[in-house]
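Fold the following for me, if possible:
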Amino acid sequence: MSDYAEEVGKMGFEESMQALEDLVRELENGGIGLDRSLEIYERAVVLRNHCKSILDESERRIRTIMESAGAVRTEDFRMD
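Numbering: from 1, shown residues only. Here you go, the predicted model:
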């Protein structure tokens, strides 16, 4: 799995999300065995962690930009 993690580490956010969506679609279509389901799950976890890491780094960069501009204001995102 480390080869896959290395491969994913080179992907951008959009490419990672597309790969994750493809894996979810394959699971949803069904008709696959337990071994393949586990492989998909393992790959999905790697992709999810990679996407989260990219988003966390993006948030950190935005905060840094806002702080340097003197416009620090944080709010929780709320869906109504």
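
Can you report how many residues neighbour Ala44?
Applying other Cβ atoms under 10 Å, we find 17 residues neighbouring Ala44. Heads up, the C-betas are built off the backbone N, CA and C, glycines and all.

Name the residues of the helix or strand harbouring it that are buried.
Secondary structure from DSSP states H and E places Ala44 in helix 34-68. Neighbour-count burial for helix 34-68 flags 40, 43-44, 46-47, 50-51, 54 (criterion: 16 or more other Cβ atoms under 10 Å).

Which member of the residues you listed is positioned nearest Phe13?
Proximity of the buried residues of helix 34-68 to Phe13 (Cβ to Cβ) peaks at Ile54, which lies at 4.7 Å.

How about the contacts made by the closest one?
12-13, 16 (Cβ atoms under 8 Å, 6 or more residues apart in numbering).

quick one: the residue nearest the centre of the chain from Gly33, how far?
With distances taken as Cα atoms, centre = their mean, Cys51 lies nearest the centre of the chain, 2.0 Å away. Here the criterion is Cβ to Cβ, to the nearest Å. By it, Cys51 lies 27 Å from Gly33.

Cheers, nothing more for now.
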